[in-house]
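> Predicted model and sequence follow; I will ask about them next.
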Amino acid sequence: MKNKGRRGFYVCPECISEKEKIVRKRFGVDLETVKENLKKQVINHIQLGWRSRLIKIGYEDTEKEIKKGKKGFLILATDVAERTKRNILRLFDGEYFQIFLKEELGQFIGKKTVGIIFVPETKFGLKLKSLVKQFLDLEGGNVNCQR
């Protein structure tokens, strides 16, 4: 477990599974509450990134950013077409995360569907990446304890 300032804390999945009773008793939350709060934070950051024009959506805009040599990471919808995924990953040599459905990603930013989001490597992008990793870790992804 790691306290990160006054706005919240990071709890790795191993810590929760091993000490869920302690977490529940000490912080008054359970695993599902932590997951739901992380999901809300990820959604809020995606919305903020879109409103601030920090992120790019769609294949064409993502391709332009990659060809410009911009560093960052990708968020791919879990139901994005395999051909689209394969084509963009041929161009992009970096981290990507598959999270949410196309309709969900679109709904977050006021579009019908969104399959690909490019997030640049900025302070904002690093925060969003950290939230996505934490959320995916709690959903059963790789666990990197930061104790």
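Yep, it's here.

> which ones are touching Glu63?
Remark: with contacts taken as CB atoms under 8 Å, 6 or more residues apart in numbering, Glu63 is in contact with Ile88, Leu91. Glycine gets a C-beta too; all of them are placed from N, C-alpha and C.

> And the helix or strand containing it, what's buried?
Assessed by DSSP states H and E, Glu63 sits inside helix 59-67. By neighbour count on 16 or more other CB atoms under 10 Å, the buried set for helix 59-67 is Tyr59, Thr62, Glu63, Glu65, Ile66.

> And stretch 97-104, by the same measure?
Going by 16+ other CB under 10 Å, stretch 97-104 has these buried residues: Phe97, Ile99, Phe100, Lys102, Glu104.

> Would you map the helices across this protein?
13-27, 31-51, 59-67, 82-91, 102-109, 123-138 (DSSP state H).

> still on that earlier bit, centre of the chain versus the helix holding Glu63, how much separation?
Computed by CA atoms, centre = their mean, to the nearest Å, the chain-centroid distance of helix 59-67 equals 19 Å.

> what's the angle between it and helix 82-91?
Angle, helix 59-67 to helix 82-91, by axes from the mean of the first three to the mean of the last three CA atoms, to 10 degrees: 20 degrees.

> Numbering from 565 from now on, please.
Understood, numbering begins at 565; the last thing we discussed is helix 623-631.

> May I see the helices of the chain arranged in TSV, with distance to Leu640 and mean pLDDT as well?
Formatted as TSV, these follow (distance: least, CB to CB, whole Å; pLDDT from 0 to 100):
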stretch	distance to Leu640	mean pLDDT
helix 577-591	22	61
helix 595-615	13	91
helix 623-631	10	96
helix 646-655	6	95
helix 666-673	9	96
helix 687-702	11	92
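
> Sweet, I'm off.
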